[in-house]
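Asks: how does the following fold in three dimensions:
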Amino acid sequence: MFPLGDENEPGHGLPWVTLALIAINVAVFLLLQQAGANNDFTYGFSAVPFEITHNVDLVGSQGGIPQAPGPDPIYFTLLSSMFMHGGWLHIGGNMLFLWIFGDNVEHRVGHLTYLVFYLVAGVIASLAQIVVSADSAIPSLGASGAISGVLGAYVVMFPGNRVTVFVFRFLTQVPAVAAIGIWALLQFINGFGSIAVSQETGGVAYMAHIGGFVAGVIAGFLFRGLFPGRPAPRQPMRSLWS
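Replies: Predicted coordinates for the structure are as follows:
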């Protein structure tokens, strides 16, 4: 089940923070990571659990895993890593999810609150991954932890919104609680499965997704009380092309 668009609340302008976050992610990937060619930057500014838990900047090969000099303090990688990606598919998928689901949350809670929430969810996501792999030297990068937080808030605040999804070669519409709920269930299954077998699962930081999502759900309940929405007809669905 792959989302392509959702319905939006009327009466709002452009989601400036969401657009800015997408622009920053793309700029970092193209200009600083050089579309994956700049390994020194990618390895240096990714979040490495061992570096965070031991407050040390690993350099050189560590068990066959390349490392590069990072920022000082090394904890800055908790922030920098959420704007970096491992390839075109990685950044493309993440930015699509952010574009589809970010705007409604931003419009409901306001630009500044949304920005703070996004960054905090990303840091919490990274810390969740570090908790279960404290001595790992495997770099972690990507916006998916922060975006998982956005999904968590979205499913609480807009559970009935229609989401257009691509499934089994067909386009259909399902409630957000179904589209995001299935995604979340897979993260929990794979995440706790990877802990049970004590190994990384497919190079995906599932516990970061879980940590970000749980943080988003909690924030969503807070936001729902602090920023109640006005009942109103929905706007046309926002999709990949609009």
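Asks: in stretch 102-117, what's buried?
Replies: Buried residues in stretch 102-117, counting neighbours by 16 or more other CB atoms under 10 Å, are found at 102-109, 113-115, 117. Heads up, the C-betas are built off the backbone N, CA and C, glycines and all.
Asks: now render those residues as a markdown table, adding distance to residue 210, pLDDT and secondary structure.
Replies: Putting the buried residues of stretch 102-117 into a markdown table (distance: CB to CB, whole Å; pLDDT from 0 to 100; DSSP: H, G, I helix; E, B strand; the rest coil) gives the following:
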| residue | distance to residue 210 | pLDDT | secondary structure |
| --- | --- | --- | --- |
| 102 | 19 | 97 | helix |
| 103 | 24 | 96 | helix |
| 104 | 22 | 95 | helix |
| 105 | 19 | 97 | helix |
| 106 | 23 | 97 | helix |
| 107 | 26 | 95 | helix |
| 108 | 24 | 95 | helix |
| 109 | 22 | 96 | helix |
| 113 | 23 | 98 | helix |
| 114 | 21 | 98 | helix |
| 115 | 23 | 98 | helix |
| 117 | 17 | 98 | helix |
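Asks: excluding chain neighbours, give the residue nearest to residue 136 in space.
Replies: Closest residue in space to residue 136, ignoring its immediate chain neighbours: residue 49 at 4.5 Å, by CB to CB, 6 or more residues apart in numbering.
Asks: and that neighbour, how many residues sit next to it?
Replies: The local packing count at residue 49 equals 22, with neighbours defined by other CB atoms under 10 Å.
Asks: wait, it touches residue 140, no?
Replies: Yes. With contact defined as CB atoms under 8 Å, residue 49 and residue 140 form a contacting pair (7.3 Å).
Asks: thanks a lot, see you next time.
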